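K.L.:
structure here, sequence nowhere to be found:
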């Protein structure tokens, strides 16, 4: 494998960028502010960057690597937790949403940037990412806790709207700089 990477510098760049973003996802989960069942972390900002800087398959590699690290028990999820139990627990839907949302958002951005300004494509990608993460996370939170859909919406989505919009705005602002440095699309 290392020989193949050494022969293809673009592949080495993708793998390095994905590994760095996966590490950033882990680090961004360390500072978790609990406000009920779902904590506030900096992961939204990193996820938006992943979606706006990487192609869909590369975003899948990044988030998939992060999730795999957590699934084998490394404490990379919020609250320094890891393991399969986190993925099937109340907040596991948000983690699944990370993967689906990052791929969907990257695809939306990649598609829209052909026909619109980069800013419109970036904003659209960020909105898609957050909507997908919220939808999957909210659904699992409601089902796993049996709290019902409206209380799960109030507990797992509403408090995060403004903080996530602010984190996404910061990520959108720095995405062009990171794209140039990472050599992605």
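P.N.:
Perfect, I can see it now. Being a predicted model, the structure only gives us computed values, none of them experimental. Numbers count the residues shown, from 1 in each chain.
K.L.:
host element of residue 21?
P.N.:
When elements are defined using DSSP states H and E, residue 21 is found to belong to helix 9-28.
K.L.:
what pLDDT, on average, does that helix get?
P.N.:
Helix 9-28 comes out with an average pLDDT of 91.
K.L.:
can you name the element that comes right after the lengthiest helix in the chain?
P.N.:
The residue-count maximum for a helix in the chain (DSSP state H) belongs to helix 118-145. Sequence order places helix 149-156 as the next helix or strand after helix 118-145, per DSSP H and E.
K.L.:
distance of the residue most central in space within the chain relative to residue 77?
P.N.:
Using C-alpha atoms, centre = their mean, the residue of the chain that lies closest to the mean C-alpha position is residue 47, 3.1 Å off. Plainly put, residue 47 is 14 Å away from residue 77 if you go by C-beta to C-beta, to the nearest Å. (Each C-beta comes from the backbone N, C-alpha and C, glycine too.)
K.L.:
tell me the confidence at the residue lying closest to residue 49 once chain neighbours are set aside?
P.N.:
In space, not counting the residues next to it along the chain, residue 49 is nearest to residue 171; the distance is 4.8 Å by C-beta to C-beta, 6 or more residues apart in numbering. At residue 171, the model reports a pLDDT of 98.
K.L.:
for residue 122, same thing?
P.N.:
What the model reports for residue 122 is a pLDDT of 98.
K.L.:
where does pLDDT dip in this structure?
P.N.:
Low-confidence segments of the chain, defined by pLDDT under 70, span residues 1-9, 183-185.
K.L.:
one more time with 90
P.N.:
Residue ranges of the chain with pLDDT under 90: 1-14, 31-39, 79, 116, 180-185.
K.L.:
tell me the contacts of residue 126?
P.N.:
48, 51-52, 105, 168, 171-172 (C-beta atoms under 8 Å, 6 or more residues apart in numbering).
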